[in-house]
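Trainee: sequence unavailable; structure follows:
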C-alpha cells in the first residue's frame, strides 16, 4: 500500500500487490514500479508534493497537515535533493563566492560555495567546518576542467581559503571584500 496525494483533506492510498518476476539476468526479483522506490510507503509524486510544501512550512507541520510521519517528509526532501544533485549541470560556471556561516554556538561553521555569475546565482557546495581541507573537497569534486574555466573568485581574507585558492587556481584574480 502506497500513500498518495490527499484529496480534500482525506489521505489517499494505492493498494498494489507487486509480483515476483523471474529475470534471466538477476533471478527472481520483485517487479519494478515506476512511481515507487524500494520499500518506501510513499509514491514518488507524493514525495515531490511533500518536498514542495517543506520549502514553505516546517517539516513537522507538513507531516501534520498531510497526515504522514516526519520521517516521510525527511525521506521526500532527501529524494528530491538526491535527484537534483544527480542531474544538476555544473557547466559554464565563471565566478564563485566562498564564505562560511556559523551554525552552532562554539565556533561551529559550514563552508559555502556559491555560483555568482550574473546569469545564475546558486549554492554549489556546503561543507562541514571552516577549513582548507573542506574547501579542497569542493575543488576536487568540482574538477580540474571546470576549475580552469573560472574567471573570478570572491572571498573574504581568511587565510586557509586563500591558500587553497592560490594552490588550485594560481591564474585567477581574486576579489576580496570584507564588510566588517
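Mentor: Now that the structure is in, tell me what you want to look at. For clarity, every value in this text was computed on a predicted model and none was experimentally measured.

Trainee: going forward, measure contacts and count neighbours with C-alpha atoms only.
Mentor: Fine.

Trainee: quick check: buried residues in the longest helix seen in the chain?
Mentor: Longest helix of the chain, by residue count under DSSP state H: helix 70-87. Buried residues in helix 70-87, defined by neighbour count with 16 or more other C-alpha atoms under 10 Å: 70, 72, 73, 74, 75, 76, 77, 79, 80.

Trainee: for the fourth one, which non-adjacent residue is closest in space?
Mentor: Taking C-alpha to C-alpha, 6 or more residues apart in numbering, and ignoring the residues beside it in sequence, residue 74 has residue 59 as its nearest neighbour in space, at 7.3 Å.

Trainee: residues touching that neighbour, list them.
Mentor: 70, 73, 74 (C-alpha atoms under 8 Å, 6 or more residues apart in numbering).

Trainee: same deal with residue 92?
Mentor: Going by C-alpha under 8 Å, 6+ apart, the list of residues near residue 92 reads 146, 149.

Trainee: how about it, phi and psi?
Mentor: Torsion angles at residue 92 (phi, psi; degrees, to the nearest 10) stand at phi 60, psi 40.

Trainee: just the pLDDT for it.
Mentor: If you check residue 92, the pLDDT there is 89.

Trainee: ok, so what distance separates it from residue 147?
Mentor: Note on residue 92: its distance to residue 147, by C-alpha to C-alpha, to the nearest Å, is 10 Å.

Trainee: try residue 107
Mentor: Applying C-alpha to C-alpha to residue 107 and residue 147 gives a distance of 30 Å.

Trainee: quick one, which of the two is more surrounded?
Mentor: Applying other C-alpha atoms under 10 Å to residue 107 and residue 147 shows that residue 147 carries more neighbours, namely 16 against 11.

Trainee: doesn't the more buried one belong to a strand?
Mentor: No: going by DSSP: H, G, I helix; E, B strand; the rest coil, the assignment for residue 147 is helix, not a strand.

Trainee: sec struct for residue 110, please.
Mentor: Strictly by three-state DSSP, residue 110 counts as strand.

Trainee: neighbours of it, how many?
Mentor: 20.

Trainee: so what's it up against?
Mentor: 100, 101, 102, 103, 126, 127, 128, 129, 130.

Trainee: ditto for residue 111
Mentor: Taking C-alpha under 8 Å, 6+ apart, one finds 98-101, 125-131, 134-135 in contact with residue 111.

Trainee: just those residues: which are in helices?
Mentor: Checked against DSSP H, the contacts of residue 111 include these in helices: 134, 135.
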